[in-house]
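Undergrad: this one's sequence-less:
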């Protein structure tokens, strides 16, 4: 299992100290650094700026939202990044959710799996420097109608790699199976090494499909794992609880929340219902307080150094090939020591 540094997306402004953290991660032997986007900072610009200061780290997006850019625009960005980094770019993409897709990007959300399949097909055509033409349900190139002057085009730049790695963000079993079938890796948002039977089954289903791109042996699984060092696990978990309350309670509507469903599958359905009710009622602090320690410990490493070292054993034996972690310099140093 390799280590990646996750920088996420910005809050109100660029977080302080990111260049120093990236430099430290490279010095400590981390394999990669990852950026994200929601509906504020984008993923590609900070990654290019920070990545220009590195020489070895893989630079990944976790994730680029598909609705933010047409497949051709994402392909252009990915090929440009691969040139700028000497073949170190990793393209993580995701469908996001209906609130962001329809509310922020003004794009339709239905049929995300079919849309993802078409999107990836077009990306691969562009990466291979083929003449890009596609007649799908969601994407059509050239555009039918308009002036009638559109024509199939080939990228003007010659890609460094004609097969830039594509990782899919996925939470539901059907989407995870799709990742195993058409992508080079999978980015789970919340993953528990002790509750992953349905993920293993979904991945195996995808690998077994005709034309599957990879197998379990050469498939990347890169997941963000919160790490909080502290004398007391429950107190350390307080730094993770607000984030879980946000995703379980507020990142989606009642009855349509993929993050809620992840934790419900782990056996926390009653807790999720309570957290969501509190959050949607505007009682966010109470929602965070309602997140049990056991839920935090499923997806995070919290507590004293010795406990984190013990709990890490389950992660080393899990599906993960890349553990993305954030935090301060001490956290990075500790994880580099423990994973090594």
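TA: Received the coordinates, thanks. Quick caveat, the model's predicted, so the values are computed rather than measured. Numbering: from 1, shown residues only.
Undergrad: from the chain's centre, how far out does stretch 330-340 sit?
TA: 22 Å (Cα atoms, centre = their mean, to the nearest Å).
Undergrad: mean confidence for that stretch?
TA: Averaged across stretch 330-340, pLDDT comes to 96.
Undergrad: which other residues reach it?
TA: For stretch 330-340, contacts defined as Cβ atoms under 8 Å, 6 or more residues apart in numbering pick out 1-3, 5, 21, 24-25, 28-30, 227-229, 305, 308-309, 312, 316, 323, 325. All C-beta spots, glycine's among them, are computed from the backbone N, C-alpha and C.
Undergrad: counting neighbours, what do you get for residue 133?
TA: Per other Cβ atoms under 10 Å, the neighbour tally for residue 133 reads 13.
Undergrad: again but with residue 45, I slipped
TA: Residue 45: 12 surrounding residues under other Cβ under 10 Å.
Undergrad: ok, now the one 4 residues further on?
TA: Neighbours of residue 49 under the rule other Cβ under 10 Å: 13.
Undergrad: any of the contacts of stretch 330-340 buried? List them.
TA: 2-3, 5, 21, 24-25, 28, 30, 227-229, 308, 312, 323, 325 (16 or more other Cβ atoms under 10 Å).
Undergrad: from those residues, which land in strands?
TA: 2, 3, 5, 227, 228, 229, 323, 325 (DSSP state E).
Undergrad: so who does the residue nearest to the last one when sequence neighbours are not counted touch?
TA: It stands for residue 325. Counting by Cβ to Cβ, 6 or more residues apart in numbering, residue 325 lies nearest to residue 227, which is 5.0 Å off, once chain neighbours are set aside. By Cβ under 8 Å, 6+ apart, the contact set of residue 227 is 300, 301, 302, 308, 325, 326, 327, 331, 334, 335.
Undergrad: just the buried ones among the contacts of stretch 330-340 now: which is nearest residue 70?
TA: residue 5 (29.4 Å; Cβ to Cβ).
Undergrad: ok, now which ones touch the closest one?
TA: 21, 22, 25, 30, 32, 33, 34, 57, 324, 325, 326, 332.
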